[in-house]
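Participant: this one's sequence-less:
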């Protein structure tokens, strides 16, 4: 019996995007660790024989180290998706023209590396709006993966509010709304004013609607490794029993430990040594791969939602208009 198709994705958030949450200062030089994590990501995915979608931040392709790291990920056969140009978690508060510029600039940079335009998008901070997905549909994107149906959004915003410089207006736009926590877990088609697009929610625990991505598991493991394993077993079992083929989420810090970069020890899960995180990551991949065929988000979207007539992409990424 064939395993249901599921997906694995990684938001390639760089060091500077994490440091920016602490306020002005060290992030403005755009420090980069992609040259460190890219080989580790490739090694783990090849070890398990898994496909992967990597959502890339366009600004990181301005640096040679970032370009080399992303090119290595593309050469390894991974799908490259769009994660905006500047990684603003408050994307949903920007004007339509600013949002399109964020998409278009990253799109152009990724296309130069990959040789083809991305067809998938994820908003930073799970930013989502109807105008955003309409813009994506008009630009020829096949799927959006920006929704996190988790009831923990208020707690996540509270955590960020005590550690960041975000204003109260922008905080309310990150990690989704309480209402999003009760949204669909399965892939589904959205019909926008500019055409159809597939919505690929990041999977959360069926019934409980709590996160099951690696950052959450690592944070839990800091307090109890046994509890993290039990939580993971429960999540995998519920996905199987409820017929939810998961779309699982990773981040670069899932491949780094406390010994790698003391600047990042404020982040959840970064008190664990690298060996402990690799062990937990292996357990996660093994447990879900036992019941599901893990691959790219594009493959998952194409299998989960009936196809429609091809969407013609825009002729040029330069049509977004100037943003002042």
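Facilitator: Cool, the structure landed. Computed from a predicted model, the values in this text were never measured in an experiment.
Participant: contacts, neighbours, all on C-alpha from now
Facilitator: OK.
Participant: Could you point out the helix or strand that follows the lowest-mean-pLDDT helix or strand in the chain?
Facilitator: One helix or strand of the chain scores below all others by mean pLDDT, DSSP states H and E: helix 168-171, with a mean of 46. Sequence-wise, the next helix or strand downstream of helix 168-171 (DSSP states H and E) is strand 188-192.
Participant: Give me the sheet partners of that following strand and which way each runs.
Facilitator: strand 195-199 (antiparallel) (DSSP bridges).
Participant: And the contacts of the partner strand?
Facilitator: 133-134, 136-138, 141-147, 187-191, 301, 305, 311 (CA atoms under 8 Å, 6 or more residues apart in numbering).
Participant: Can you tell me which of the residues you listed are classed as buried?
Facilitator: 133-134, 136-138, 141-147, 187-190, 301, 305 (16 or more other CA atoms under 10 Å).
Participant: quick one: which of those residues sit in helices?
Facilitator: Those of these mapping onto helices are 133, 134, 136, 137, 138, 301, per DSSP state H.
Participant: Distance to residue 81 and pLDDT for these - can I get that in JSON lines?
Facilitator: Output for these, formatted as JSON lines (distance: CA to CA, whole Å; pLDDT from 0 to 100):
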{"residue": "133", "distance to residue 81": "15", "pLDDT": "97"}
{"residue": "134", "distance to residue 81": "17", "pLDDT": "97"}
{"residue": "136", "distance to residue 81": "12", "pLDDT": "98"}
{"residue": "137", "distance to residue 81": "14", "pLDDT": "97"}
{"residue": "138", "distance to residue 81": "16", "pLDDT": "97"}
{"residue": "301", "distance to residue 81": "13", "pLDDT": "96"}
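Participant: Can you tell me which of these is nearest residue 36?
Facilitator: residue 301 (30.1 Å; CA to CA).
Participant: need the contact list for the closest one.
Facilitator: Contacts of residue 301 by CA under 8 Å, 6+ apart are 143, 187, 198, 200.
Participant: among those residues, which two are most distant?
Facilitator: Within the contacts of residue 301, 143 and 187 form the most distant pair, 9.5 Å apart (CA to CA).
Participant: just the ones in helices among the buried ones among the contacts of strand 195-199 now: which is nearest residue 74?
Facilitator: residue 301 (19.6 Å).
Participant: residue ranges of the strands in the stretch 51-200 of the chain, please?
Facilitator: 53-56, 79-82, 120-121, 143-144, 188-192, 195-199 (DSSP state E, counting those that start in this stretch).
Participant: What about residue 117, how many residues nearby?
Facilitator: 20 (other CA atoms under 10 Å).
Participant: Look at it and report its pLDDT.
Facilitator: Looking at residue 117, its pLDDT reads 97.
Participant: and it, how far is that from residue 104?
Facilitator: 10 Å (CA to CA, to the nearest Å).
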